[in-house]
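*Asks:* predicted coordinates and the sequence they were generated for:
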Amino acid sequence: AQSVAQPEDQVNVAEGNPLTVKCTYSVSGNPYLFWYVQYPNRGLQFLLKYITGDNLVKGSYGFEAEFNKSQTSFHLKKPSALVSDSALYFCAVIHQAGTALIFGKGTTLSVSS
Amino acid sequence: GAVVSQHPSRVICKSGTSVKIECRSLDFQATTMFWYRQFPKKSLMLMATSNEGSKATYEQGVEKDKFLINHASLTLSTLTVTSAHPEDSSFYICSAKVEGDTQYFGPGTRLTVL
C-alpha cells in the first residue's frame, strides 16, 4: 500500500538554527512528492514539489527538500528558522499522475525566539 | 500560485439540517477537485474526487448520499452535508488540481453541528 511517514510529531528549533522535518515514503513506481504547510484554522499552502530532475528542490519561504531515492526520503529543510515558520507541515505523495495526494500525519514545527 | 476559495469559512447549524460548502478556483480552471476532512491535529482524510461534468468518486467509508458533491463547472465544486449530525462537525478542505499534479487548497470550512 502507498504510504507516507513523518516520524516526528513535533520538531523544536531555536530561531536562526537550521531545521529539518523528516519524511519517508513507500510507493510503487516513481513518486511525485510534495510539502505543504498549514497555519491554524487555515487551508494548506504549497511549499514545493519533486517530480523529476534535480534531487534538491527549492520552494517558497526559503524552504528546500532533497529527494533521496535509495533512502526513500524527502526531508524538508531550511538553513535558518524563523518564528513565523511555526506551523503544521505535511509531506504528501502521488504514486500515479492524476490521483489524489496521500498525506503523512503531519509534523508540528515550533520555532522559539 | 493559484488561488482557491471556500465559502463559508465557518458555519454552525442544527442537527438534521443540510449545509452547502462551495469551493472555487479563482484564477484557473480545474477539471479535478478534491474534498478532504481534517480532525483536530490530524492529517487530511480524502473524502472524494470531484471531476467536472461527471459523478464524484468517493473513498471507501464515505457515504455518497450524505456528502453530495457537484462539480458543475470548471471553477466550482460544492459539497453538501445532508442531515448533518454532531459527528459531522469537522474542518472541511477542498483542493483543485492543476497541470503537473500540484494541488492548491482552499482555506477550509469549519462546520459545527449542534
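*Replies:* Now that the structure is in, tell me what you want to look at.
*Asks:* how far away is B:A48 from chain A?
*Replies:* Using Cβ to the nearest Cβ, to the nearest Å, we find B:A48 at a distance of 9 Å from chain A. All C-beta spots, glycine's among them, are computed from the backbone N, C-alpha and C.
*Asks:* who's that residue bridged to?
*Replies:* Legend: beta-bridge partners of B:A48 under DSSP bridges are B:W35, B:Y58.
*Asks:* residue contacts, it?
*Replies:* Listed by Cβ atoms under 8 Å, 6 or more residues apart in numbering or on different chains, the contact set of B:A48 reads B:F34, B:W35, B:A56, B:T57, B:Y58, B:E59, B:V62, B:K64, B:F67, B:I69.
*Asks:* of those, buried ones?
*Replies:* B:F34, B:W35, B:A56, B:T57, B:Y58, B:V62, B:F67, B:I69 (16 or more other Cβ atoms under 10 Å in any protein chain shown).
*Asks:* returning to that earlier point: farthest-apart pair in the contacts of B:A48, please.
*Replies:* Taking every pair in the contacts of B:A48 and measuring Cβ to Cβ, the maximum separation is 15.0 Å, between B:F34 and B:K64.
*Asks:* report the mean per-residue pLDDT for stretch B:77-92.
*Replies:* Throughout stretch B:77-92, pLDDT has a mean value of 96.
*Asks:* endpoints of that stretch, how far apart?
*Replies:* Stretch B:77-92 has an end-to-end distance of 13 Å (Cα to Cα, to the nearest Å).
*Asks:* before we move on, back to that, between the contacts of B:A48, which is nearest chain A?
*Replies:* B:F34 (5.6 Å; Cβ to the nearest Cβ).
*Asks:* which residues does the residue nearest to the closest one when sequence neighbours are not counted contact?
*Replies:* Spatial nearest neighbour of B:F34, excluding adjacent residues (Cβ to Cβ, 6 or more residues apart in numbering or on different chains): B:S95 at 4.7 Å. Applying Cβ under 8 Å, 6+ apart to B:S95 gives the contacts A:L44, A:L101, B:V4, B:M33, B:F34, B:Y36, B:Q103, B:Y104, B:F105, B:G106.
*Asks:* B:V81: which of the residues you listed is nearest?
*Replies:* B:Y36 (13.7 Å).
*Asks:* any idea which residue sits dead centre in chain B?
*Replies:* Nearest to the mean C-alpha position of chain B, counting by Cα atoms, centre = their mean, stands B:W35 at 3.8 Å.
*Asks:* got a list of what it touches?
*Replies:* B:C23, B:L46, B:M47, B:A48, B:S50, B:F67, B:I69, B:S77, B:L79, B:Y92, B:I93, B:C94.
*Asks:* return the per-residue confidence for it.
*Replies:* The model reports B:W35 with a pLDDT of 96.
*Asks:* A:S28 versus that one, what's the distance?
*Replies:* B:W35 sits 25 Å away from A:S28, going by Cβ to Cβ, to the nearest Å.
*Asks:* now do B:L114
*Replies:* Distance from B:L114 to A:S28, by Cβ to Cβ: 45 Å.
*Asks:* go on, B:C13?
*Replies:* Distance of B:C13 to A:S28, given as Cβ to Cβ: 42 Å.
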